[in-house]
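S.K.: Build me a structure from this.
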Amino acid sequence: MKLTFLLCLFFFANIGDAKTTVTYYKCMTDKSTVFSQHPCSNNAQQYTLTHSDPQATVPSEQHFKTLNELERKQIIRNLKHALRAKKQHAAVLGRKRDEAAREQQRRVTRLMDDERRKATVKDVKKQLKSINKDYLQKVKVLNKEIAQIEKKLKRLE
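M.R.: This is a model prediction of the structure:
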């Protein structure tokens, strides 16, 4: 406990210097060990501590260059993931549209009388038009987002 206190005292005594050298003495008695700035007995052992300032600053430009490079790599990685997700979303939309169109075509191929068939064909055409319109709107938005992501990615690489 005393050793820690004295060493801390020595270290913080000259905290303004970039490098600090401290000389201290160690004296052994029957009951304990004593550390002091001055010799405490004839058999005192002298020790020297040298340390550099732990709060020395790191060259800032290298630090920022490293951080900027890491941040740029992370942004590129995230953009690539977003681009992949958007393309997969576009593929899913295409599959859903194809599935809905097949379902409408199945309605036409069922057995029914002529009057009912005309009404069903008219309804199927209306539904297919609606499905394609909805699909084209969503794909248009996705393509814009994909183009923006590709533009950002191209600018960063």
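S.K.: Doesn't residue 49 belong to a helix?
M.R.: No: counting by DSSP: H, G, I helix; E, B strand; the rest coil, residue 49 is not found in a helix; it is strand.
S.K.: Mind jotting down where the strands sit in the protein?
M.R.: 19-28, 33-36, 45-52 (DSSP state E).
S.K.: For the second one, which residues meet the burial criterion?
M.R.: Neighbour-count burial for strand 33-36, with 16 or more other C-beta atoms under 10 Å as criterion, is recorded at 34-35. No exception for glycine: its C-beta is placed from N, CA and C like everyone else's.
S.K.: Can you tell me which helices and strands it packs against?
M.R.: Contacts defined by 3 or more C-beta pairs under 8 Å, 6 or more residues apart in numbering; DSSP states H and E place strand 33-36 against helix 2-13, strand 19-28.
S.K.: low pLDDT regions in this structure?
M.R.: Regions of the chain meeting the criterion pLDDT under 70 cover residues 1-20, 51, 53-64.
S.K.: For it, which helix extends over the most residues?
M.R.: helix 60-109 (DSSP state H).
S.K.: for it, packing partners?
M.R.: With contacts defined as 3+ C-beta pairs under 8 Å, 6+ apart, the packing partners of helix 60-109 are helix 114-156.
S.K.: From the contact counts, what lies against the helix it packs on?
M.R.: Applying 3+ C-beta pairs under 8 Å, 6+ apart, we find helix 114-156 packed against helix 60-109.
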